[in-house]
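Participant: here are the coordinates; sequence isn't available:
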């Protein structure tokens with residue numbers, strides 16, 4: 001186990017009807033920006049419940065945050081924050097809305113920094129406005145971490161940045177908020193959570209049994225409940241397990257003392273910037289391709305995963321590792337997630353060339369061994385055809 005420092009100050013309020021607890025988490029004199037997406041929260045109980053809970057507060061609404069939050073839209077919201085002297089941002093939505101809230105909160109408190117530099121150059125922050133969350137789509141874990149991912153269409157860029165100033169003060173998780181979501185979004189959320197855990201698990205053994213078992217618990221739970229969560233929207237227990245897995249997959253616990261990969265995410269961000277794929281759609285083909293490409297380096301963990309998750313009993317660890325990847329791909333396919341770029345209309349060769357160019361220009365390498373070079377990234381994309 002490697003040395004580590006763990007910090008996570010986000011309070012979680014979980015369960016049925018938990019939106020009603022919103023006033024207990026807020027100071028009474030706060031001016032609040034209520035940030036949300038395309039308006040789906042107005043088609044169910046969420047919008048009305050949040051507004052009822054905020055009765056008595058000064059609330060300014062800002063809707064229209066797109067999937068893969070767009071820089072220009074976030075800057076419009078930041079202007080509202082400054083003009084209206086907002087003291088608190090409440091993100092009502094999924095990862096895109098939460099990530100937007102984090103960026104807006106950073107921009108509002110750091111006028112000395114060029115806004116895009118916060119994202120692209122990881123400019124140091126002097127704090128951020130406080131934020132809270134009412135989660136409506138479980139996927140990214142942004143409700144309980146300090147990470148934000150922002151896109152910029154004008155330059156076809158998408159970057160992640162992080163700061164301890166960006167942890168939400170609280171997040172309200174009511175699984176009932178997911179009941180009216182399209183099945184594709186639940187599918188994407190299941191895959192997001194699985195790969196978030198996988199990026200921190202599929203590396204190499206480092207005698208960290210607790211964290212290994214925590215990741216394996218997330219894998220096994222997602223496999224167990226996926227079909228129920230997809231088939232029966234109002235299955236509270238399945239949706240609750242799915243929501244909590246998504247939060248646990250990227251709230252910092254799985255990186256404690258563990259090596260991490262994240263090459264799939266770096267490549268996936270480029271695919272989203274170039275082709276507009278949803279986050280999970282960019283990850284699934286690349287992760288499966290990467291696991292096959294790096295099978296020799298990841299063999300021990302893949303074999304362990306195959307034995308523990310899929311009950312595989314082959315004596316040859318290489319064959320076992322390969323079968324574990326096949327089982328994972330079959331699981332993704334069984335819940336409706338394609339695992340080839342061509343299924344999303346992406347020309348893998350063209351994507352590979354552009355991503356290699358971008359990574360070479362930035363002089364970056366990825367992976368737990370820092371050996372996924374721009375050339376290797378391109379080959380992984382090609383093999384995801």
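Facilitator: Right, received. Where do you want to start? Keep in mind that this is a model prediction, so the values were computed, not measured.
Participant: tell me the spacing between the nearest residue to residue 385 once chain neighbours are set aside and residue 381.
Facilitator: Spatial nearest neighbour of residue 385, chain neighbours left out: residue 348 (3.9 Å); criterion: Cβ to Cβ, 6 or more residues apart in numbering. For glycine as for every other residue, the C-beta is placed from the backbone atoms N, C-alpha and C. Note on residue 348: its distance to residue 381, by Cβ to Cβ, to the nearest Å, is 6 Å.
Participant: do the same with residue 319
Facilitator: 26 Å.
Participant: which one's more surrounded, those two?
Facilitator: Neighbour tally, residue 319 and residue 381, criterion other Cβ atoms under 10 Å: the higher count belongs to residue 381, 27 against 13.
Participant: on the pLDDT front, check that one for me.
Facilitator: At residue 381, the model reports a pLDDT of 99.
Participant: kindly report the same for residue 39.
Facilitator: 85.
Participant: in the chain, which spans are helices?
Facilitator: 46-53, 71-83, 95-109, 115-120, 183-201, 209-231, 236-249, 263-275, 279-293, 295-310, 317-334, 348-362, 374-383 (DSSP state H).
Participant: how's this protein carved up into domains?
Facilitator: According to automatic domain parsing, the chain comprises the domains 11-177, 182-383.
Participant: and the first one, how far apart are its ends?
Facilitator: The distance separating the two terminal residues of domain 11-177, taken as Cα to Cα, to the nearest Å, comes to 19 Å.
Participant: for stretch 151-168, same thing?
Facilitator: Taking Cα to Cα, stretch 151-168 runs 21 Å from one end to the other.
Participant: what's the spacing between that stretch and its chain's center?
Facilitator: 12 Å (Cα atoms, centre = their mean, to the nearest Å).
Participant: what does stretch 254-269 give?
Facilitator: Its chain's average C-alpha position is 11 Å from that of stretch 254-269, according to Cα atoms, centre = their mean.
Participant: equivalent analysis for stretch 352-361, please.
Facilitator: Its chain's C-alpha centre and that of stretch 352-361 lie 23 Å apart, by Cα atoms, centre = their mean.
Participant: picking up where we left off before, looking at the helices of the chain, which is buried most?
Facilitator: Each of those was assessed for mean neighbour count using mean count of other Cβ atoms under 10 Å. The highest is helix 95-109, with a mean of 28.
Participant: residue 5 is nearest to which of the domains of the chain?
Facilitator: The minimum distance between residue 5 and these falls on domain 182-383, with 9.0 Å, by Cβ to Cβ.
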